[in-house]
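Student: generate coordinates for the sequence data below:
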Amino acid sequence: MTLPNTPNRARRRRMTRMVAIAATVAAAAAVLTGCSTSSAADSKTVTFLSWDPQQTMQPIIKQFEKDNPGYTVKASYTPPVTQYVQKLQTQLSSNTAPDVFIITAENKHQLMDDGFVKDLSGESWISNISTAAKDTYSKDGKVYGAATASWGGGILVNKDLLAKVGYTSAPKTWDQFLDLGEKLKATGVTPFMEAADGIPVSLSALLGVENAAADGKMDQNIWDGKTSFAKTWTKPVETWNELFEKGIEPRTVAGLTGDQVTQQFEQGKVAMIGTGSWALGGIKAAAPNLKLDYLPVPNASGKLYWCGAVSPGYAINAKAKNPTGAEKFVEFLQSKKGVELYQKETASITTTKDFSPTLDSSLDTMAPAVRDGDIYLPAVNWPSKADVMTTESVSLLQQTIAGKITPKQFADGMDTKLQSVK
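Tutor: Take a look at the predicted model:
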């Protein structure tokens, strides 16, 4: 006899089995999700945004990974200065910034003031960082960046090209530098080039003379309203602008990056470039037969000066997805092994306490000035809003190079911008 409710019982059994299966699938999914979350939390991948190029950082990253089995550094590369600062700012605002990135003169106020970077003061290795490096990236007694070097910037010359025009000693005045440029131009080589993606080395050094005359207080006095960009910058910018008016430096540099300028120098197309000591290692690797020397930037009064500052530091994202890995990586970057590798790749004037570099002979004149602090870089000395003021300075700089505005308008524009952001 067939029970009248048999079909309903069958349906119920099927439904019961389906619910059980669904529950099993859900449980399995929950387990898998839990594994995925755990895996992400235990990840040994460290993300890093570098402003040194890949060829510089790759040997260092490989050594870190070798010394820390299981750890992997996923690096991305963006050139300095403006491009890097803008990219990092975009990543920070969208919460996509890497575990480790660079803190610079241009972005340090934003990073420290807005809580984007981890306090490194309690790290056991922080005492290995030089006092000047700690002071540069500190706020309220806390250190937020691990800088391993300082740098100087001057005129890097191809000695063979200069020898063809009778070069025997460094120009001691600005007029002598212009005269050297004219002689080089007559040979068909481009005399001098600098990138326009930041305030150039030559202009920074000319401004450094003004700052030294103000007992190192020029920028603070501008911010305090005791003087202005118009009063302190106009004359140095007019001096620097002679390079373009006389055709010693082509106006096309307005659209060039530091890497593009360096490549032309390496290829022997440019006799002199304005660049920092950090560029030396890469240039020597790319063009080992070049005979090089760094010269200080001369002033109209005969004062010789260098651009320069404490180098950018390594910072840890306050919201790092892998804080443990980030700490391991930064610890390695400032270690004796890490700094030695970096110095080998860049020929930098490193300043950590447990490693003394053997410097290239082309840095002999520059190094004492760097260590003594007789160097200048505007953004490092700006008391606040360095990121905004740097962006504005680059925009005005490029317009000046292109001949669209005068040096006075450049300086006035800086004053206008400062007043708008105070």
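Student: assumed residue 122 was part of a helix.
Tutor: No: assigned with DSSP: H, G, I helix; E, B strand; the rest coil, residue 122 falls outside any helix and is coil.
Student: what about it, how many residues close to it?
Tutor: 9 (other C-beta atoms under 10 Å). (Each C-beta comes from the backbone N, C-alpha and C, glycine too.)
Student: confidence score at it?
Tutor: pLDDT recorded at residue 122 is 95.
Student: same question for residue 362.
Tutor: pLDDT, residue 362: 94.
Student: for residue 9, same thing?
Tutor: In the predicted model, residue 9 carries a pLDDT score of 37.
Student: same question, residue 27
Tutor: Here the pLDDT value assigned to residue 27 is 39.
Student: likewise residue 41?
Tutor: For residue 41, pLDDT reads 42.
Student: then residue 372?
Tutor: At residue 372, pLDDT is 86.
Student: what sits against it?
Tutor: Contact criterion C-beta atoms under 8 Å, 6 or more residues apart in numbering gives no residues in contact with residue 372.
Student: over to the one 10 residues further on?
Tutor: For residue 382, the set of contacting residues under the criterion of C-beta under 8 Å, 6+ apart consists of 105, 219, 223, 389.
Student: residue 405 now?
Tutor: 396, 399, 413.
Student: got a markdown table for those, with pLDDT and secondary structure too?
Tutor: Listed next are the contacts of residue 405 as a markdown table, based on pLDDT from 0 to 100; DSSP: H, G, I helix; E, B strand; the rest coil:
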| residue | pLDDT | secondary structure |
| --- | --- | --- |
| 396 | 97 | helix |
| 399 | 97 | helix |
| 413 | 98 | helix |
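Student: from the contacts of residue 382, which two are the most distant?
Tutor: Taking C-beta to C-beta, the two most distant members of the contacts of residue 382 are 105 and 223; they sit 14.9 Å apart.
Student: list the beta-bridge partners for residue 100.
Tutor: Residue 100 forms beta bridges with residue 48, residue 316, as assigned by DSSP bridges.
Student: buried ones in stretch 57-71?
Tutor: By neighbour count with 16 or more other C-beta atoms under 10 Å, stretch 57-71 contains the buried residues 57-58, 60-61, 64-65, 68, 71.
Student: ok, so of those residues, who is nearest residue 258?
Tutor: For those, the nearest to residue 258 is residue 57 (16.1 Å; C-beta to C-beta).
Student: mind checking the longest strand of the protein?
Tutor: Determined from DSSP state E, the single longest strand within the chain is strand 149-158.
Student: excluding chain neighbours, what is closest to residue 346?
Tutor: Excluding the flanking residues, the one nearest residue 346 by C-beta to C-beta, 6 or more residues apart in numbering is residue 281, at 3.9 Å.
Student: neighbours of the one you found, how many?
Tutor: Residue 281: 20 surrounding residues under other C-beta under 10 Å.
Student: need the three-state assignment for the residue nearest the centre of the chain.
Tutor: By C-alpha atoms, centre = their mean, the chain has its centre lying nearest to residue 80, at 4.7 Å. Classification of residue 80 by three-state DSSP places it in coil.
Student: so it touches residue 51, yeah?
Tutor: Yes: with contact defined as C-beta atoms under 8 Å, residue 80 and residue 51 form a contacting pair (4.5 Å).
Student: sorry, back to before: show me what contacts the residue nearest to residue 346?
Tutor: With C-beta under 8 Å, 6+ apart, residue 281 has these contacts: 56, 344-348.
Student: which helix or strand contains it?
Tutor: Element membership for residue 281, per DSSP states H and E: helix 280-286.
Student: how far off centre is whichever helix or strand comes after that helix?
Tutor: Using DSSP H and E, the helix or strand that directly follows helix 280-286 along the chain is strand 292-295. Relative to its chain's centre, strand 292-295 lies at 22 Å (C-alpha atoms, centre = their mean, to the nearest Å).
Student: again with stretch 364-373
Tutor: Averaging C-alpha positions (C-alpha atoms, centre = their mean) puts stretch 364-373 20 Å from its chain's average.
Student: buried ones in it?
Tutor: Residues of stretch 364-373 classed as buried: 365-367, 369-370 (neighbour count, 16+ other C-beta under 10 Å).
Student: of the residues you listed, closest to residue 89?
Tutor: Among these, and counting by C-beta to C-beta, the member closest to residue 89 is residue 370, at 28.8 Å.
Student: distance of the closest residue to residue 363 other than its chain neighbours relative to residue 408?
Tutor: Nearest residue to residue 363, sequence neighbours excluded (C-beta to C-beta, 6+ apart): residue 277, at 5.8 Å. Residue 277 sits at a distance of 32 Å from residue 408 (criterion: C-beta to C-beta, to the nearest Å).
Student: so if I had to pick from those two, which one is more boxed in?
Tutor: Between residue 277 and residue 408, counting by other C-beta under 10 Å, residue 277 is the more crowded of the two (28 against 14).
Student: contacts for stretch 392-401?
Tutor: 82, 196-200, 237, 241, 244, 251, 253-255, 378, 405-407, 409-410, 413-414, 417.
Student: any idea which helix or strand carries residue 393?
Tutor: Going by DSSP H and E, residue 393 is in helix 386-401.
Student: CA atoms of that helix as CSV?
Tutor: What follows is helix 386-401 as a C-alpha-only set of coordinates in CSV (Å, rounded to 0.1, in the frame of the first residue of the first chain):
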residue,chain,number,x,y,z
ALA,A,386,57.5,71.6,1.5
ASP,A,387,55.4,69.3,-0.7
VAL,A,388,53.1,72.0,-1.9
MET,A,389,55.9,74.6,-2.4
THR,A,390,58.1,72.0,-4.2
THR,A,391,55.3,71.3,-6.7
GLU,A,392,54.8,75.0,-7.3
SER,A,393,58.5,75.7,-7.7
VAL,A,394,58.8,73.0,-10.4
SER,A,395,55.9,74.5,-12.3
LEU,A,396,57.3,78.0,-12.1
LEU,A,397,60.8,76.6,-12.9
GLN,A,398,59.7,75.0,-16.1
GLN,A,399,57.9,78.1,-17.2
THR,A,400,61.1,80.1,-16.5
ILE,A,401,63.2,77.6,-18.5
